[in-house]
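1. What follows is a predicted structure for the sequence shown.
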Amino acid sequence: MDAPLYLPASAYEQPQTVDYLMSTANSSIAALLAVPAAKAILLAEIPEMEARISTPMLKPHLGNFSPRSLVQFGLFKADALDRVDVKLRALSTAKGSTQ
Amino acid sequence: MTISGTRFETDRRTAMTLATGAVMLPLIPSSSLHAAVPSPAPLGLGRQQPFDSDWRFLRSAGEGFEAPDLDDKAWRSVDLPHDWSIEDVPGEASPRQVGPFTRDSVGGAATGFTVGGEGWYRKHFRLAALPADCRVEIEFDGVYMLSDVWLNGKNLGSHVHGYTPFSFDLTPHLRRDGDNVLAVRVRNLGKNSRWYSGSGIYREVRISILPTPARIAHWGVAAWTRRIADGQASIDVTTQTDNATADLMLTTRLRTDKGRIVAESTSPASGAVEQELTVKSPTLWSPDKPHLYTLESELKRGKTVVDRVSQPFGIRIVTMDAANGMKINDTPIKLRGACIHHDNGLLGAMAFSDADERRVRLLKARGFNAVRSSHNPASASFRSACDRLGMFLIEEAFDMWHVAKLKDDYSNYIAQDWENALAAMVKSARNSPSVIMWSIGNEVPDRSSPEGLEWCWKFSNAIKTMDPTRPITAGLNGVLGAPVIASEKTARPGFAGKTDDASTIFLDVPGYNYRLTDIEAEQKVHPERVIYASETFPVDAYDYQALLERAPYFMGEFVWTAMDYLGEAGCGATARVKANVPFYLAQYPWMNAWCGDIDLIGQQKPQSLVRDVIWGLSPVALLVQRPIPEGMKEFIAPWGWRDELPSWTWPDAAGKPMAVRIYSLGDKVELRLNGASMGTKSLTPQDKAIAEFQIAYASGTLEAIAYRNGKEIGRQRLETVSAPARLHVTAEKPARRADRQGLSYVAIEVHDAQGRIIPEAELPVQLVVNGPAALIGFGSASPFAVGSFQSDSAKTFRGRALAIVRGTGGKGSVRLEARTEGLAGGAATLRLG
């Protein structure tokens, strides 16, 4: 048996982003808020959204958490997010943000 | 010659070897001592000599404390490791403060309401008459957080990562024939940590005195098992030397634990020397059989040994891939992982070797075979225990990168310090067989942004340059970012042009934090992905075990956390709230996280008893829900657990309904009360090993019996205890050393007349210690700030307390007597040395 090797790469080039359909499960809160149309949908369905995500503990993580990933912590309710997802599907795919 | 795998003994042996060689010179008399301090023995040649005794400490901010002629007689004498944050805060106990805890703590709940600030250390030392061109180097294994070091008033430098080892060359500013004064300023300022960090020189300090400038470089040996085949192991060793001359030879050898040489290679020493060792019929390292060799690197000029480095080494190959999950030495193995913070409970952050080893022993006893050192590199002594006792270890560098989690945290320094930090983590630990992955971060904010991606690549690549033998990982919460594609130059080998997630594109093995339901779905999209759950909720243990059994690519879970820790106060709180209150926010006097399987003094909590069942260590667990008053409900934090106890002593519940839960992997369980059956329940996978009964409370004996296929597989009994009668005191094994680094743990329990522990006894206990040991920790597992951890009195919690004594240097018997009003006292005798 041979040991595996994890070799370094040679140089850094910024990875290219790929188009994808945004949703409350696969997109971070920061990414959703960065797209005006998506932000409008979020705020329409969850008016208290901005207050909920303004805590100092959560703020640094808005690029990591999707709204759906916070359901288990009680921050959002799944049914509201379901409604958001229905509306998000009508938007064109997002590109540009890596978050 | 006997060679031990332990770091202390190996180092001592190295020093002894040098002492008997041609390079050792006689010691000098102590006539040139600084008048202000007692005469310490002069230091002679030797690598990694303990440098922990006889420091002076002042808990104060100040200027000029580095001055060599400062009179420090009034400073407190301390032996390292030392953590001032676990010492009592000044002033009387009050509703605002008790012991080391105060509501006014800057760190607040994050640091368990403890206090940081500034402290100064000074150490006086002298050198033996040494060769003119000898080199003297000091190494700190960890100082929290910001440190500045001076020798004889000359500034040597600073260190900003509170958990990485660092060293300074003392040679240029040494006084060869007089008193030397090393001064260390330590600052733990502002809001810089999300958990209890401790403050001070909380890990070991070593000094190396080498006879010539030519030497094996600091952390200069990198060894790894390249191949195991045909009954032999091939080990590649690269050794970096400093100031090597053409007449020097480097010999690298591997010795068994009996000292027998099983492989050896000798080469001219210059710069980086690459050698191969071949070991026939090797004994391999694994968590079950952690066999260690000693890797010896020796630099010689003719017959004279110029330098020698010895370190433990385990022959093993670890592989991780989606088809097979994880294997060690070609044998599949699943990770039973423990996330733990670095503190040693009642000792605060003090990283005593004995305390670190005890933690590893406690974890192994509960079936854990892996630790994720969250969220910082572990102490050398903890890693050594993992090597010796057989525990995989994930070393983690950072809790954040360029974006702060707290305003004063390491993000302020990372841009300038990351290369130092990663080099210290990797080079100091890369020969440890226990280390299986390098984690570059935990729940890092902004990790998927363009800036975050670049940092991720830099960190990952830098580590691979130093150690290409281990995969890079990180703990990923939430979502994994947008789909991205890396170029040929930038991608991991084999991944150029392939779509990956932004958070995982530069990771070899992504760690999923609290992403149970995402694992299978995302692995379908990325079938090359091998995954482990780097943080999990205790309540999900059954689901993770089920996933482990059906998904080959899933390597296992790391529960948050395996042990209670100081800070993140009430992270796993369970509380009673009014029915209309949606949540509970733990505040002072909560001071520990209370999310551990094992509590602050090493006892199993209910979630641990249940994990025993799920992991097959126990056939059945029987737990009883504490009654919830009418109009109230139980709030359980996501990391928490139901307030249930292995107790059938509920004096206020006579005749009232009680929820009783039996946990078992059997297919049927039965509950009996005082011999009468209270019913049976079948268990299916949908029950997730839980059967709940509602019965009216009656004192006596409650018994759970578990069955599989009609056969009993185990039973568990709880008895109603009678009144507290006495204190029961027992010393933990193994017996400990008598020296200042030797700790002994003594359990104090409140028993009834029949010798049964009183499950909820909270009684004040007074301790008296006689003999060559001093009390350095005394307290309970209570998650609340209830008292000092360093006084001779403490209150039991759930019938238990723990005392920790430290040797004062002499061998002999130590007697601990525990007393409480109205009960018979107890005592235990330890034999040290």
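-> Sure thing, it's come through.
2. which residues touch the residue nearest the centre of chain A?
-> Centroid-nearest residue in chain A, with CA atoms, centre = their mean: residue A:28, separated by 1.4 Å. Residues near residue A:28 by CB atoms under 8 Å, 6 or more residues apart in numbering or on different chains: A:62, A:63, A:64, A:65, A:66, A:99, B:448, B:478, B:479, B:481. Glycine gets a C-beta too; all of them are placed from N, C-alpha and C.
3. neighbour-wise, which of the residues you listed leads?
-> The most crowded member of these, judged by other CB atoms under 10 Å in any protein chain shown, is residue B:448 (30 neighbours).
4. how near is that residue to chain A?
-> 4 Å (CB to the nearest CB, to the nearest Å).
5. Where does the nearest residue to that residue once chain neighbours are set aside sit: helix, strand or coil?
-> Spatially, and ignoring its direct neighbours in sequence, residue B:448 is nearest to residue B:481 (3.1 Å; CB to CB, 6 or more residues apart in numbering or on different chains). Using DSSP: H, G, I helix; E, B strand; the rest coil, the structure places residue B:481 in coil.
6. can I assume residue B:481 is in contact with residue B:444?
-> No. If you go by CB atoms under 8 Å, residue B:481 and residue B:444 don't touch, sitting 11.4 Å apart.
7. and residue B:464, that's in a strand?
-> No. Residue B:464: not assigned to a strand; according to three-state DSSP it is helix.
8. Just checking the longest strand anywhere in chain B against chain A, any contact.
-> Ranked by number of residues, the top strand in chain B under DSSP state E is strand B:215-229. Yes. Strand B:215-229 comes into contact with chain A (CB under 8 Å from any CB of the partner chain), by way of B:224, B:225, B:226, B:227, B:228, B:229.
9. who wins for most neighbours among those?
-> Most surrounded of the residues of strand B:215-229 next to chain A: other CB under 10 Å gives residue B:225, at 26 neighbours.
10. Tell me which residues touch that one, please.
-> A:3, B:233, B:234, B:235, B:315, B:316, B:317.
11. Pull the contacting residues for residue A:15.
-> Neighbouring residues of residue A:15 by CB under 8 Å, 6+ apart: A:98, B:453, B:484, B:485, B:486, B:487, B:490, B:502, B:505.
12. no wait, residue B:631
-> Contacts for residue B:631 (CB under 8 Å, 6+ apart) come out as B:578, B:579.
13. ok so, going back, quick one: the contacts of residue A:15 as TSV, columns for distance to residue B:404 and secondary structure too.
-> TSV is the format used below for those (distance: CB to CB, whole Å; DSSP: H, G, I helix; E, B strand; the rest coil):
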residue	distance to residue B:404	secondary structure
A:98	20	coil
B:453	19	helix
B:484	25	strand
B:485	30	strand
B:486	27	coil
B:487	31	coil
B:490	27	coil
B:502	20	coil
B:505	24	coil
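14. can I get these in CSV with neighbour count?
-> Shown next, in CSV, are those (neighbours: other CB atoms under 10 Å in any protein chain shown):
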residue, neighbour count
A:98, 27
B:453, 25
B:484, 21
B:485, 17
B:486, 24
B:487, 16
B:490, 22
B:502, 27
B:505, 27
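15. can you tell if the worst-scoring helix or strand of chain A on mean pLDDT touches chain B?
-> The weakest-scoring helix or strand in chain A, judged by mean pLDDT, DSSP states H and E, is helix A:49-52 (a mean of 88). No. Against chain B, helix A:49-52 shows no contacts by CB under 8 Å from any CB, the least distance being 12.5 Å.
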